[in-house]
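In: requesting a structural model of the entry that follows:
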Amino acid sequence: MTNKYKISELAKDFNIKSKDLITILTDITGTEKKSGGVLGEEEIGLVFTYLTKKNSVKNFDEYFAMGAENREKAKKAREEEKNKKLLEQMAILEQLKAAAAAQNGESAPEPKKEEKKAPEKKETKKAEAPKKEEPKPEKKEKPAKAQPQPEKQQEKKTEEKPQPKMADKKEEKKPEVKPEKKADAPKAEEKPAKTEHKPSDPNPFVSKKKDKKPGEAPNRGPAEIRHVDTRTSNINIDKYNEKYESIAPANSMKDNYSRKQKIKQKSQDYKRPQGAKRETEADKMRRMQLERIKKTPITVTVGDEITVGELAAAMKKTAAEVIKELLKLGMMTTVNQVIDYDTAEIVVTEMGAKIERAVVVTIEEQIMDDTEDNAENLKPRSPVVVVMGHVDHGKTSLLDAIRDTAVTDTEAGGITQHIGAYRVNCNGNDITFLDTPGHAAFTSMRQRGAMATDIAVLVVAADDGIMPQTIEAINHAKAAKVQIIVAINKMDKPEANPDRIMQQLTEHELVPEEWGGDVICVPVSAKTHMGIDNLLENILLVAEMMELKANPDRRAKGIVIEARLDKGRGPVASLLVQNGTLNSGDIIVAGTSVGRVRVMTNENGVEVKTAGPSVPVEITGLAETPNAGDVFDAVSDERLARQLVEQRKQKIKEEIFNAKQKVTLDNLFQNLSEGELKELNIIVKADVQGSVEAVRENLVKLSNDEVRVCVIHGGVGAVNESDVMLAQTSNAIIVGFNVRPDAVAQAAAERDGVDMRMYRVIYDCIEEIEAAMKGMLAPKYRENQMATIEVRTVYKISNVGTVAGCYVTNGKVTRACEIRVVREGIVIYEDKIDSLRRFKDDVKEVAQGYECGISLEKFADIKEGDIFEAFIMEEYRD
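Out: Numbers count the residues shown, from 1 in each chain. Model (predicted):
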């Protein structure tokens with residue numbers, strides 16, 4: 001928006017003539033302007049600069065002295081004007097006295113001619129009427145010369161001619177009362193001659209009609225003594241007094257200046273010059289300045305930067321006023337232009353407001369509640385216990401013994417490869433258990449489990465002793481500053497030696513209570529349930545001593561235990577609420593993922609609406625799969641939450657970009673030599689995010705001097721076509737962990753020659769990749785895909801078990817085939833065929849396009865929609 005200003009208006013503001021301003025513009029710009037033209041911002045700035053330089057002074061003392069001289073001159077001029085007016089008034093009074101004396105001297109010898117004297121008085125009054133505009137003595141002498149001829153009838157005609165003029169001036173509203181106005185006119189003149197009016201009333205009234213100048217106002221008060229000769233004529237004075245009282249009552253003459261005058265029905269500004277009605281720009285600015293001083297100053301809060309429009313709105317001013325103030329500072333700005341805090345401070349101060357610096361509040365501070373809880377709001381909560389230890393030392397079996405379940409049977413190779421959360425009730429008190437993997441590949445999982453818990457149960461096999469992962473678990477627990485309870489497992493074995501375990505614990509600064517330390521050691525047996533109750537009692541005892549408390553009456557805050565991508569439900573996250581209460585429908589932010597809690601289930605798969613402190617739940621509704629170990633917060637504003645997530649993503653991108661090593665002269669030769677290295681690109685796909693991280697970390701560790709392993713992509717879910725396309729482009733191998741490729745990806749891999757390797761146990765994955773890197777890969781068996789079978793119906797038959805009604809969609813299934821159960825791209829179980837039937841007959845094989853019934857040896861949790869992959873392991877040599 002361009003601000004423009006008229007030349008005439010600008011000239012009035014500068015108090016100069018338009019011609020002078022046009023001359024200045026012509027000298028500056030070289031082009032001639034018209035008085036009605038407009039000026040732009042640049043031209044106004046040039047005029048400002050020119051006038052500023054022209055009117056600048058070198059010494060302010062001289063400038064102030066000039067002002068004092070001007071004030072003295074103005075004061076003297078006002079005094080002279082006042083004296084001049086007083087002299088004029090005195091001269092008028094002297095003339096009136098002389099005229100009155102002359103009338104008194106001539107009218108005395110003719111007392112009988114009253115009828116002719118009346119018109120003479122009117123004539124004198126009419127002759128004096130023009131004196132209202134210009135009170136000069138020459139005009140007042142003329143009626144005195146006309147008075148010696150009162151007997152002629154022609155004078156009446158001449159006296160009646162100016163009568164309409166008086167009527168025009170005085171009688172605007174009542175033209176029909178002209179005869180009475182004729183009497184009024186002489187009434188004012190008869191006072192110096194022969195009128196019988198009171199001497200104090202008429203003069204101030206007449207003088208007020210002549211001039212409304214403030215200098216003549218005091219003449220209203222003093223009264224002149226006039227002598228009226230009533231011996232030669234009979235005048236009805238009461239008639240004139242009554243008429244005068246009707247025109248100007250005494251009440252209206254008391255205070256004509258302090259209240260509105262009601263004598264005339266005209267405005268007091270009727271005779272004011274027309275130009276005076278318009279308020280000049282200088283007067284307007286002066287009035288606005290006084291109003292700003294009277295008003296209470298507005299306080300404006302400004303951050304590091306603010307736009308001109310926002311600043312004007314905060315001060316309740318127009319943007320034009322702020323722009324004008326900035327123009328005084330030499331800044332040409334627009335409404336949307338950004339100014340800094342220092343400039344805004346000057347503008348706000350100049351405009352009579354106060355300014356405060358805004359405190360920068362991050363999005364986290366706005367939407368997340370990180371205030372400390374008051375002691376009266378805290379309530380006891382159940383302890384969170386993590387079970388840690390070396391692989392195959394019996395952690396999951398110990399939890400099974402506590403829960404009386406058989407989790408171990410459903411895990412591949414009997415190895416825990418996910419993090420699980422369970423809730424157990426013991427003697428009326430709840431305990432939340434977290435089960436972590438013991439394999440070396442799952443270091444980050446154990447670390448997350450230790451950071452999220454209160455008590456760590458360290459499981460050590462009595463027959464095996466402390467192993468590398470046991471030492472790692474001890475270090476994680478110490479770093480997390482959690483209380484450690486040692487469970488010496490497998491006490492049912494004859495070679496169990498708990499004393500050796502205690503001796504080994506002391507080597508790692510864990511002194512048992514039996515030996516005078518503070519570490520509780522409990523001998524247990526997951527197989528025989530020995531010592532389980534004692535272990536639970538010790539856990540509750542330690543928790544009671546720790547006085548674990550939380551505030552359930554605030555927004556939830558906790559940690560992501562595990563996350564995965566479900567084909568039907570989308571991203572699924574296992575959360576552990578550490579403080580507050582998580583409600584269904586809450587907006588949560590977990591790392592770089594945001595969403596609303598849609599469905600929330602507990603560890604038993606039952607849908608719940610709320611989850612308090614120390615309660616593990618599984619939720620759906622997130623936009624993306626969060627990383628295991630991310631802290632989640634329930635927030636108040638979804639829009640700000642999405643902005644926060646975008647900021648975090650951008651920060652991660654910047655960190656990745658900055659982490660890349662830049663080429664310098666120092667590392668140039670090193671980079672050139674590294675060009676000879678062989679790189680093995682790998683794409684990792686797993687069922688949960690924690691497994692992706694574990695596989696990625698362990699594969700990267702396999703790099704050596706000759707071959708470098710690069711995990712170019714890692715994700716959750718089944719292998720899809722985009723993974724195959726990426727592998728083809730980057731010449732990579734796809735490693736799947738507990739997942740299977742879909743049909744499109746399988747066909748694309750066969751077509752493009754992409755190597756896909758699927759594993760269920762991380763041992764096999766690491767060992768095979770390591771052997772391939774060393775050039776010693778010589779597999780003896782390979783998987784031969786035989787058929788793909790779709791489960792359409794499930795039958796529960798007594799004495800037989802679960803039978804799957806299947807349809808062979810591809811290939812041929814035989815009795816010798818092994819079956820891999822795949823549900824939504826996730827491998828559920830691998831088993832052998834127990835029976836293969838067509839209707840009631842046992843068959844050896846079923847070809848493509850036929851239906852059959854299949855029952856498995858161990859696995860019975862078959863559901864409609866499952867996919868059976870039939871395969872055989874065949875030996876081969878390169």
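
In: buried stuff in the helix or strand where residue 323 lies?
Out: Following DSSP states H and E, one finds residue 323 within helix 319-328. The neighbour-count check on helix 319-328 (16 or more other Cβ atoms under 10 Å) flags 319, 322-323, 325-327 as buried. Using the backbone N, CA and C atoms, a C-beta is placed for each residue, glycine as well.

In: tell me the one of those residues nearest residue 584?
Out: Taking Cβ to Cβ as the measure, residue 584 lies nearest residue 319 of the buried residues of helix 319-328, at 47.7 Å.

In: go ahead and confirm that closest one touches residue 307.
Out: No. The pair residue 319 and residue 307 fails to qualify as a contact (Cβ atoms under 8 Å) at a distance of 9.5 Å.

In: shared neighbours, these two?
Out: Counting by Cβ atoms under 8 Å, 6 or more residues apart in numbering, the common neighbours of residue 319 and residue 307 are residue 335.

In: now do the contacts for residue 306.
Out: Shown in contact with residue 306 (Cβ under 8 Å, 6+ apart): 314, 338-339, 341, 344.

In: and the residue nearest to the spatial centre of the chain, its phi and psi?
Out: The residue lying closest to the centre of the chain (Cα atoms, centre = their mean) is residue 640, at 7.6 Å. Main-chain torsions, residue 640, degrees, to the nearest 10: phi -70, psi -30.

In: same check on the one 3 residues further on?
Out: Taking degrees, to the nearest 10, you get phi -60, psi -40 for the backbone angles of residue 643.

In: ok, residue 702 next?
Out: According to degrees, to the nearest 10, residue 702 has phi -80, psi -10.

In: hmm, it is touching residue 767, no?
Out: No. Using Cβ under 8 Å, residue 702 makes no contact with residue 767, being 10.1 Å away.

In: can you give me how far the host helix or strand of residue 386 is from the chain middle?
Out: Assigned by DSSP H and E, residue 386 belongs to strand 384-389. How far strand 384-389 lies from its chain's middle: 42 Å, per Cα atoms, centre = their mean, to the nearest Å.

In: what lines up beside it in the sheet?
Out: Strand 384-389 has its sheet partners listed here by DSSP bridges as strand 429-435 (parallel), strand 455-461 (parallel).

In: name the nearest residue to residue 835, sequence neighbours excluded.
Out: residue 855 (4.9 Å; Cβ to Cβ, 6 or more residues apart in numbering).

In: whoops, I mixed them up, residue 459
Out: Per Cβ to Cβ, 6+ apart, closest to residue 459 is residue 389, 3.6 Å.

In: quick one: contacts for the one you found?
Out: Counting by Cβ under 8 Å, 6+ apart, residue 389 touches 395, 438, 458-460, 469-470, 473.

In: 10 Å instead?
Out: Residue 389 makes contacts with 395, 398, 436, 438, 446, 456-461, 466-467, 469-470, 472-474, 486-487, 489, as judged by Cβ atoms under 10 Å, 6 or more residues apart in numbering.

In: what ranges do the helices span in the stretch 751-878 of the chain?
Out: 762-773 (DSSP state H, counting those that start in this stretch).

In: the residue nearest to residue 835 - how many residues pack around it?
Out: By the criterion of other Cβ atoms under 10 Å, residue 855 has 20 neighbours.

In: what is the burial count for residue 36?
Out: Number of residues near residue 36 (other Cβ under 10 Å) recorded here: 9.

In: what sits against it?
Out: 6-8, 18.

In: same list, these, but as TSV with secondary structure, pLDDT and distance to residue 824 please.
Out: Listed next are the contacts of residue 36 as TSV, based on DSSP: H, G, I helix; E, B strand; the rest coil; pLDDT from 0 to 100; distance: Cβ to Cβ, whole Å:
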residue	secondary structure	pLDDT	distance to residue 824
6	strand	82	77
7	helix	82	80
8	helix	82	82
18	helix	82	86
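
In: domain assignment for this structure?
Out: Taking automatic domain parsing as the reference, the chain has its domains at 5-54, 77-253, 289-357, 382-547, 557-657, 672-773, 781-875.

In: how far away from the center of its chain is the fifth one?
Out: By that I understand domain 557-657. Centre-to-centre, domain 557-657 and its host chain are 23 Å apart (Cα atoms, centre = their mean).

In: the fourth one now?
Out: A distance of 48 Å separates the C-alpha centroid of domain 382-547 from that of its chain, computed with Cα atoms, centre = their mean.

In: what's the answer for the first one, then?
Out: How far domain 5-54 lies from its chain's middle: 45 Å, per Cα atoms, centre = their mean.

In: distance between the ends of it?
Out: 21 Å (Cα to Cα, to the nearest Å).

In: before we move on, what about the fourth one?
Out: End-to-end distance of domain 382-547 (Cα to Cα): 10 Å.

In: and for residue 610, the neighbour number?
Out: Per other Cβ under 10 Å, the neighbour tally for residue 610 reads 15.

In: same thing with residue 360?
Out: Counted by other Cβ under 10 Å, the residues lying close to residue 360 total 8.

In: distance of it from residue 300?
Out: Residue 360 sits 16 Å away from residue 300, going by Cβ to Cβ, to the nearest Å.

In: what's the answer for residue 498, then?
Out: Plainly put, residue 498 is 74 Å away from residue 300 if you go by Cβ to Cβ.

In: can you check residue 85 too?
Out: 52 Å.

In: higher neighbour count, those two?
Out: For residue 85 and residue 300, the more surrounded residue by other Cβ under 10 Å is residue 300, and the numbers stand at 22 against 15.

In: that one - that's part of a helix, no?
Out: No. Looking at residue 300 with DSSP: H, G, I helix; E, B strand; the rest coil, it is strand, so not inside a helix.
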